[in-house]
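Colleague: A predicted structure for the sequence below; I have some questions about it.
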Amino acid sequence: MNKVILMGRLTRDPETRYTQTSNTLVSSFSLAVNRRFVRQGEERQADFINIVAWSKLGEFCSKYFKKGQQVGVIGRMQTRTWDDDQGQKHYVTEVVAEEAYFADSKREGDMGAGTSSFENTFGNTAPGNMGADFEMSSSDDLPF
């Protein structure tokens, strides 16, 4: 299985271009993803991961993603090689985005400050909130 789930901040605005052969839109950007654990006395470290988004998703990313925003990306890891004009071989490892989401807190004036777009899309699914909307009275019959 090849599945990558990342959340990080954009290190630059997405760059958009079109392929020469099929004129397909491709958007590329880099995410700074904090490492989970920090040893005592050390500064927090981040990994910088290259992301590529194609077609409609690439258009969405190029239009709405900006440097510094926190975003979530779901996709797959891909490696590729190519030879430059001098015959030197280049290797690239990147994530091909299949889904992308805003993960920043909403700005004031938007739908409820402090609620992330991810929560607005999927609801707050923290373990303590699972089923918070579910109520059952003592008079309800159980099916078992």
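Modeller: Arrived safely, thanks for sending. Worth saying up front: this structure is predicted, and the values here are computed from it rather than measured. Numbers count the residues shown, from 1 in each chain.
Colleague: Mind listing what's buried along stretch 65-84?
Modeller: 65, 70, 71, 72, 73, 75 (16 or more other CB atoms under 10 Å). For every residue, glycine as well, the C-beta is placed using N, CA and C.
Colleague: And the furthest pair within those residues?
Modeller: Farthest-apart pair in the buried residues of stretch 65-84 is 70 and 75; separation 16.8 Å (CB to CB).
Colleague: who does whichever helix or strand residue 96 is part of touch, helix- and strand-wise?
Modeller: Assigned by DSSP states H and E, residue 96 falls within strand 89-102. Contacts defined by 3 or more CB pairs under 8 Å, 6 or more residues apart in numbering; DSSP states H and E place strand 89-102 against strand 46-54, helix 55-64, strand 70-83, helix 117-122.
Colleague: can those go into CSV with extra columns for mean pLDDT?
Modeller: As requested, those are exported to CSV (pLDDT from 0 to 100):
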stretch, mean pLDDT
strand 46-54, 96
helix 55-64, 96
strand 70-83, 96
helix 117-122, 46
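Colleague: Quick check: the residue lying closest to residue 2 once chain neighbours are set aside vs residue 101, distance?
Modeller: Using CB to CB, 6 or more residues apart in numbering and skipping residues adjacent in sequence, the residue nearest residue 2 is residue 76, 4.5 Å away. Applying CB to CB, to the nearest Å, the value for residue 76 to residue 101 is 16 Å.
Colleague: that older thread, strand partners (parallel or antiparallel) of the strand holding residue 96?
Modeller: Strand 89-102 has the following strand partners under DSSP bridges: strand 46-54 (parallel), strand 70-83 (antiparallel).
Colleague: then the shortest one to CSV, C-alphas only?
Modeller: Yep, that's strand 46-54 we're talking about. Output of strand 46-54 as CSV, limited to C-alpha atoms (Å, rounded to 0.1, in the frame of the first residue of the first chain):
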residue,chain,number,x,y,z
ALA,A,46,10.8,19.8,10.2
ASP,A,47,10.9,17.8,7.0
PHE,A,48,10.4,19.6,3.7
ILE,A,49,8.3,17.5,1.4
ASN,A,50,7.6,18.2,-2.3
ILE,A,51,4.0,17.9,-3.4
VAL,A,52,2.6,17.7,-6.9
ALA,A,53,-1.1,18.1,-7.7
TRP,A,54,-2.6,17.5,-11.1
